[in-house]
Structures are given as C-alpha cells and as structure tokens.
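Participant: build me a model:
(chains A, B, C and D)
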2 protein chains.
Amino acid sequence: MKIHVLTQKTGLQPPTIRYYEKEGLLDRRHVERRDNNYRDYTEDAVEHLLLIKRVQAAGFTLKEIKAIMKEEEGNKLELSRAIEFLQKKMKEMDRRKRELEQSQSLLARMLANKLALLEKNET
Amino acid sequence: MKIHVLTQKTGLQPPTIRYYEKEGLLDRRHVERRDNNYRDYTEDAVEHLLLIKRVQAAGFTLKEIKAIMKEEEGNKLELSRAIEFLQKKMKEMDRRKRELEQSQSLLARMLANKLALLEKNET
DNA sequence: ATAAACTATAAAGTATACTTGAATGTCAAA
DNA sequence: TTTGACATTCAAGTATACTTTATAGTTTAT
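Facilitator: Have a look, this model is predicted:
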C-alpha cells in the first residue's frame, strides 16, 4: 500500500513514517520501493507502527523501541544477555507504573477536595 | 538553603532548578532572594521538586505539570471547570497506564520466549 | 589576602521527535 | 494533455527539556 493509505490506518503522518524508516524502525518486511521509487508498505507495517505507537506512549524513546525490536529478531545478543535486557526493561516499566500510580493518587486527592467543596457549596 | 543543598536533596542539577523557576514551576513559597542575590530555598521546595520529578516520570510535560500545580492553588478556574480538568487528566493517566500494561505484556511474551529457548538448550 | 568553591545571568548548544518548506517527479482523471 | 493529487528528497525549522559556556560577583578556608 502507498504511504497515504498507511497514514489512514495508523494515524501517523507521511513525514513521520518516513522519519521512522530513516531512523531504522522499519525494514524490508515493512517497506519496499516500486519502480517509480514510491514506497510500498506491507500489511505488517500497519501492526508494526501501531505497536511503536503503543510502546512509545508507554514512555519509551525511539532508540529504546528500536533496541527492543532488534532484540525481538535478534540472535545477535546471546540468549542470556537478551533475557537480562528484557528484564531490565520490565523493571523500568514497573517503575514507571508506580510513578504513574503515585501521580494518579495525587490527582485523586485533588479531585476529592474539589468535589467536597462542590458538595458544600450545594448544601 | 542554597541551591547546592537542594541539588543534594532532590538529585537535580543547579541549572535544572533555575530552569524550572524560570519556567514558573517555583514561586515565593519555594524560593526567595537574599541580599547577595543568591537564591534561598525553603523546605517546601524539596517536596515540590520531588513531586515534579514523579509526575514528570509519569509522562507529563512541564507545561502540564505547571497547569496541575496552578490548579491545585487556584480558585482561578471555577470549581466545576477545575473538576473537569482533573477528570480529564485522570483519564489521560488511565490511558497511559493501559498502554504501559500492553507494552509490558509484549515484553513479557518476548521474555517467556527467550526463557523457553534457554530451557530447551539446557535440556 | 587570595585562591577555591559557589553563586548569578545570558546566550548558545544538544538531543529527541517531529514538522514544514522548497524543489521536483509521477500518476489518474477530465 | 494538463491539472491536481500524491510521491520523492533534503534542509531547515519547532518544541521540549535541559546542558554547556562565558563572564562575573560572593563567600569560605587557609
């Protein structure tokens, strides 16, 4: 499919998708070139980009995402090192989750305060 | 306390703390100037900066954090609008948490694969 | 008293993740 | 066939969140 179709399926913009490719987040499995030099995306590209979006929204940088993706493929790292890497990432996510929960409870307290005030005013 | 002491208590660097002040994340409650023009931080500044760190680690920008802080003070916004604001932020955090959990389960699957491989190799 | 350590400001530089602009090429429909 | 929509590259611009550099004033220790 052409880039425009992919933008509709992913919600990303053409320059963003090209940028990701330039940064090495897409490969032969996701894009090829046609005779006219236009990019031709596979169906896999859709899933792949949506995955990138999710992981990115979870707070990872493109660099980290690339490392994770590469790792997914890779027997470049040996097994034990790959496991170490993934466990480190898991811990990072746990930490982020805790921080998120703490912030959330802060907001919850603020919200409770406001709601109490509202109650008072209405009584 | 002087800026150096605050850096030790927060783990932030002097220019970062000054930058936060410039960006309006600190006010009279947190900093004052002495006769020599040196900044003099209150104990409140410590808690405040650590809070900023946590909320930031949860994925919020300084601008958003500032908005939340301002709101915490503020009867600038009327009550109902404040509540709306906080509820919106809560939803954002829920979404972020879900994305984090999805990414985490992705990593968990990858990790499970690696561990299975490891098992196999050892048998 | 003077060097070392700390403080200040202002401006420029850096990294990340894009977005925008300029110039050009390709294709599909009227 | 020519106009409009879409594609390409490359370079420059933007926003966020700092960090670094340069210059200068202040305080502390010896």
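
Participant: could you pull out the helices for chain A?
Facilitator: Secondary structure of chain A (DSSP state H): helices located at A:3-10, A:14-22, A:43-57, A:62-73, A:79-122.

Participant: need these in CSV with distance to chain B and mean neighbour count, can you?
Facilitator: Bear in mind the C-beta positions are built from the backbone N, C-alpha and C, glycine included. Output for the helices of chain A, formatted as CSV (distance: least, Cβ to the nearest Cβ, whole Å; neighbours: other Cβ atoms under 10 Å in any protein chain shown):
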stretch, distance to chain B, mean neighbour count
helix A:3-10, 15, 15
helix A:14-22, 17, 15
helix A:43-57, 4, 17
helix A:62-73, 6, 16
helix A:79-122, 4, 15
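
Participant: so what touches stretch A:44-64?
Facilitator: Residues outside stretch A:44-64 that contact it (Cβ atoms under 8 Å, 6 or more residues apart in numbering or on different chains) are A:6, A:9-12, A:17, A:20, A:23, A:25-26, A:29-31, A:65, A:68, A:89, A:93, A:96, B:59, B:95-96, B:99-100, B:102-104, B:106.

Participant: 7 Å - rerun?
Facilitator: The contact list for stretch A:44-64 (Cβ atoms under 7 Å, 6 or more residues apart in numbering or on different chains) reads A:6, A:9-10, A:12, A:17, A:20, A:23, A:25-26, A:29-31, A:65, A:93, A:96, B:59, B:96, B:99-100, B:102-103.

Participant: can you get me a residue count around A:Arg34?
Facilitator: Neighbour count for A:Arg34, taken as other Cβ atoms under 10 Å in any protein chain shown: 9.

Participant: contact partners for the residue nearest to it when sequence neighbours are not counted?
Facilitator: Among residues not flanking A:Arg34 along the chain, A:Asp40 sits closest, at 5.0 Å (Cβ to Cβ, 6 or more residues apart in numbering or on different chains). By Cβ under 7 Å, 6+ apart, A:Asp40 lies in contact with A:Val31, A:Glu32, A:Arg33, A:Arg34.

Participant: could you redo the last one with a cut-off of 10 Å?
Facilitator: Counting by Cβ atoms under 10 Å, 6 or more residues apart in numbering or on different chains, A:Asp40 touches A:Met1, A:Lys2, A:Ile3, A:Leu6, A:His30, A:Val31, A:Glu32, A:Arg33, A:Arg34.

Participant: so which of the residues you listed reach DNA strand D?
Facilitator: Checking the contacts of A:Asp40 against DNA strand D by Cβ under 7 Å from any atom of the strand, the ones in range are A:Lys2, A:Ile3.

Participant: what is the nearest of the contacts of A:Asp40 to A:Asn121?
Facilitator: A:Leu6 (51.3 Å; Cβ to Cβ).

Participant: any idea how far the closest one lies from B:Ile3?
Facilitator: 49 Å (Cβ to Cβ, to the nearest Å).
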